[in-house]
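**Student:** for reference, the sequence and a predicted model appear below.
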2 protein chains.
Amino acid sequence: MVSNLNISRRKLLTVSSVALAGLSVNQLLSKAHAQEIQKSVAFSLPMIDTVVTPDQGNPIRLNFNENALGMSPSAKQVAIDAIPKANRYAKAEMPLLNKRLGQHHSVNEDQILLTAGSSEGIRSAIAAFVKPDTQFVIPELTYGDGEHFAKIFNLKINKVPCLPDWQIDLNGIKKAVESHQGFSIVYLVNPNNPTSTVFKTNELELWVTSKPKNTIFIIDEAYAEFVNNPEFYSVDSFINKGCDNVILLKTFSKIHAMAGLRVGYVVSSPDNIKNIAQYVAGEKLNYCGVCAALTSMNDTHFLAYSKKAVDVSRNIMEQALSELGLHYLKSETNFMFHKSPIDLKQYRELMKQNFILIGRDFEPATEWCRISLGTPGEMLYVANVMRELRQKSAI
Amino acid sequence: MVSNLNISRRKLLTVSSVALAGLSVNQLLSKAHAQEIQKSVAFSLPMIDTVVTPDQGNPIRLNFNENALGMSPSAKQVAIDAIPKANRYAKAEMPLLNKRLGQHHSVNEDQILLTAGSSEGIRSAIAAFVKPDTQFVIPELTYGDGEHFAKIFNLKINKVPCLPDWQIDLNGIKKAVESHQGFSIVYLVNPNNPTSTVFKTNELELWVTSKPKNTIFIIDEAYAEFVNNPEFYSVDSFINKGCDNVILLKTFSKIHAMAGLRVGYVVSSPDNIKNIAQYVAGEKLNYCGVCAALTSMNDTHFLAYSKKAVDVSRNIMEQALSELGLHYLKSETNFMFHKSPIDLKQYRELMKQNFILIGRDFEPATEWCRISLGTPGEMLYVANVMRELRQKSAI
């Protein structure tokens, strides 16, 4: 296996003529900027000489918010080494990950529950709080899994309209809870998906710590590690202060680039964890995922690299979108949400013809498009395609 | 990675003096028999020169019904090759596995649902049929996951006593269903765990195809590929004849030796699958597991080897148990259930002191012990330890 992190620094700084050929001045500026950022982290960012050449069989996948870098090299190796042992259940390894995650969030081990990705976390956390006359309160535009499972559990879905530019209306959500007689499950994704924006944790903290009755908060922080906005902080700080009305959902799919290994977890009070644990499939997680997660957590160089690469990719996309006059939301994640220049379906089709797969419809924001941030090299290609499409007046 | 299947045939047939040292005549007979079986399959069985030397840090794990051989070499390689791509969801690969499983069971693709191991299959299949006044009918001694989830869903548990030697009383179970006014979920594991025995599929077929009203059958065939008894056949044959009251649960954890990769699936009618699919965590399974499962299914040599190795191991254990006069049930799986020679806890402790981990308590059969079948080399060691313990009058 050749890791894309092994490219030598000298090679990185050589911009090939092939790569240069299709690039605009703006793109070269982005490259210069990328090199600056590159110097600031220990890892070599393979963003310069990897201008991608996608084709039909190998398109640029910007439709699932995956991390295009691939896992940390050390986590990859550990996962590979785990394969010959994967005839066994990860009985001994799961408690180690549990313990490490407890340390990471400054909570006890019994406040962590491992789940098969965050999908299982969402389902089991909701299942644990289904009671008669329960409403499921969400912003009108957010990640769909919560609503999906809440419907299956026959909860009343209460969608609270967003503020302009799809900002989450925390006050509106609060009112929706206060005006309901029964139990409320509030599901908030911060940063939000598909909008890529954050709300201020401080405002949530005031509400949560006021202990509103009959209310549980499920806070999904899948993308937290990408955030630059200092007004965001994790709700793990409420939990380790003893707040028992908050359930934090996390995943190794994003900053750790382990989407295919299905490792997620729940952080909450010991009682909540005991309750939610009843609704997970079993105490079994995949061996490679558990081992890789443990290693990836300690690979601080990779995590810094993963964050920085997204910053560079975002910068490339921001420049392209600004240049094309396409309104976008301030992204705090590894994806961006922008006004579609044409009908979204046609836009998607045009991009697909150029071997770029972009986000599906996100109702009710059907005039907006979500594009995941691939590697800087991929985003340079994407930006170029968008500019070409504009030159042809196609977008 | 060195595969234990790569040992040359010449080396296999050389019994080292170290290995010979601790062996009894009976064990050498077992070895001769093992060699005979070895000749009958294409794979070299590494059972002769791998007499294990366990220690505290590396005990023989015979307590979770894992497959000690490890995955098929081809599946291992595919899983390793999948790691660098495991930053992606297995969106393209899952449908391929779905299709292949449909072919395998002679059903349509929409009659297969992939699950994270069979644990998720059990939970979701039960969840899909929870109705008011539902009873969950099981033999008094069977795999515990069904009862575990049924309790969480507040179902009434109806345990039907077993016949002598823990044989499943299908007639008794039928009566329990007929005497209940509401809905019944019948959960049967065939071959059963922890007893390792089968019931005749034919008797179940007569009952199922009579379409008893208000009844769904969840049949767990995790160990089916190890069965030698010709009176067992899979209920997939009912399903592909159109029976819509049967849910078959399968796993890659046993014959495929992929316990740590968490791949299982459900086979049923398209409507049942649609219903059950609502209760799984998401349409996401781990990338390595999906790829390895696809490859392992086609590795018929390995599957034959996996089966034969268990046959040899079983033979070694049967000889040892007979020699020690310990009553055991006719095993059709990769584990055996025998009368504990002493108090089970003490027995477990004695074995542990010899670096052998054996099964936990299975109530109400607290005088019985489940021992998973490891490799033949491991079972030779186990048999030897048991004989030594007898010589010391410890068991």
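**Tutor:** Arrived safely. Numbering: from 1, shown residues only, chains lettered A, B, ... in the order given.
**Student:** list the contacts of stretch A:90-97.
**Tutor:** For stretch A:90-97, contacts defined as C-beta atoms under 8 Å, 6 or more residues apart in numbering or on different chains pick out A:109, A:114, A:263, A:283-287, A:290-291, A:293-294, B:64, B:260. For glycine as for every other residue, the C-beta is placed from the backbone atoms N, C-alpha and C.
**Student:** got the CA positions of it in PDB?
**Tutor:** Output of stretch A:90-97 as PDB, limited to C-alpha atoms (Å, rounded to 0.1, in the frame of the first residue of the first chain):
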ATOM      1  CA  ALA A  90     -13.000  -7.300  19.800                       C
ATOM      2  CA  LYS A  91     -13.800  -8.100  23.400                       C
ATOM      3  CA  ALA A  92     -10.500  -7.000  24.900                       C
ATOM      4  CA  GLU A  93     -10.000  -4.000  22.600                       C
ATOM      5  CA  MET A  94     -13.400  -2.300  23.000                       C
ATOM      6  CA  PRO A  95     -12.800  -1.500  26.700                       C
ATOM      7  CA  LEU A  96      -9.500   0.100  25.800                       C
ATOM      8  CA  LEU A  97     -11.200   2.400  23.300                       C
END
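**Student:** return the distance of that stretch from the chain's centre.
**Tutor:** Stretch A:90-97 sits 25 Å away from the centroid of its parent chain (C-alpha atoms, centre = their mean, to the nearest Å).
**Student:** can you give me the buried ones in it?
**Tutor:** Buried residues in stretch A:90-97, defined by neighbour count with 16 or more other C-beta atoms under 10 Å in any protein chain shown: A:90-91, A:93-94, A:97.
**Student:** farthest pair within the residues you listed?
**Tutor:** The largest separation in the buried residues of stretch A:90-97, counting by C-beta to C-beta, is between A:K91 and A:L97 at 11.9 Å.
**Student:** so what are the domain limits for chain A?
**Tutor:** A:9-70+A:300-391, A:73-298 (automatic domain parsing).
**Student:** coming back round to it: wait, which of the buried residues of stretch A:90-97 is closest to chain B?
**Tutor:** A:A90 (5.7 Å; C-beta to the nearest C-beta).
**Student:** where exactly do the strands run in chain A?
**Tutor:** A:60-61, A:112-115, A:134-139, A:156-160, A:183-189, A:215-220, A:246-251, A:264-267, A:335-339, A:356-357, A:368-372 (DSSP state E).
**Student:** who does the longest one touch, helix- and strand-wise?
**Tutor:** Packing partners of strand A:183-189 (3 or more C-beta pairs under 8 Å, 6 or more residues apart in numbering or on different chains; DSSP states H and E): helix A:117-127, strand A:134-139, helix A:145-152, helix A:170-178, strand A:215-220.
**Student:** run the last query once more with 7 Å
**Tutor:** Counting contacts by 3 or more C-beta pairs under 7 Å, 6 or more residues apart in numbering or on different chains; DSSP states H and E, strand A:183-189 packs against strand A:134-139, helix A:170-178, strand A:215-220.
**Student:** next one: the last one
**Tutor:** Strand A:368-372 sits against strand A:335-339, with contacts defined as 3+ C-beta pairs under 7 Å, 6+ apart.
**Student:** average pLDDT across the strand it packs on?
**Tutor:** Summarised as a single mean, pLDDT over strand A:335-339 is 98.
**Student:** check what pLDDT A:G22 gets.
**Tutor:** 47.
**Student:** oh, that last question was meant for A:K345, not what I typed.
**Tutor:** 97.
**Student:** residues from chain A in reach of chain B?
**Tutor:** Near chain B, the residues belonging to chain A are A:1, A:61, A:64, A:66-67, A:69-71, A:76, A:79-80, A:83-90, A:116-117, A:119-120, A:123, A:145, A:152, A:257-262, A:278, A:281-282, A:284, A:286-289 when assessed by C-beta under 7 Å from any C-beta of the partner chain.
**Student:** where does the stretch 1-150 of chain A dip in pLDDT?
**Tutor:** Residue ranges of the stretch 1-150 of chain A with pLDDT under 70: A:1-51.
**Student:** A:T115 is in contact with A:S253, correct?
**Tutor:** No. Under the criterion of C-beta atoms under 7 Å, A:S253 is not in contact with A:T115, lying 11.5 Å apart.
**Student:** using JSON lines, lay out the helices and strands packed on strand A:183-189 together with mean neighbour count.
**Tutor:** Output for those, formatted as JSON lines (neighbours: other C-beta atoms under 10 Å in any protein chain shown):
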{"stretch": "strand A:134-139", "mean neighbour count": "23"}
{"stretch": "helix A:170-178", "mean neighbour count": "17"}
{"stretch": "strand A:215-220", "mean neighbour count": "24"}
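**Student:** got the CA positions of stretch A:181-191 in PDB?
**Tutor:** Output of stretch A:181-191 as PDB, limited to C-alpha atoms (Å, rounded to 0.1, in the frame of the first residue of the first chain):
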ATOM      1  CA  GLN A 181     -47.100  19.400  27.300                       C
ATOM      2  CA  GLY A 182     -45.400  16.000  26.900                       C
ATOM      3  CA  PHE A 183     -41.800  14.900  26.500                       C
ATOM      4  CA  SER A 184     -39.400  16.500  24.000                       C
ATOM      5  CA  ILE A 185     -36.300  15.100  22.300                       C
ATOM      6  CA  VAL A 186     -34.300  18.000  20.800                       C
ATOM      7  CA  TYR A 187     -31.900  16.800  18.100                       C
ATOM      8  CA  LEU A 188     -29.300  19.300  17.100                       C
ATOM      9  CA  VAL A 189     -26.300  18.800  14.800                       C
ATOM     10  CA  ASN A 190     -23.500  21.300  15.500                       C
ATOM     11  CA  PRO A 191     -22.000  22.100  13.100                       C
END
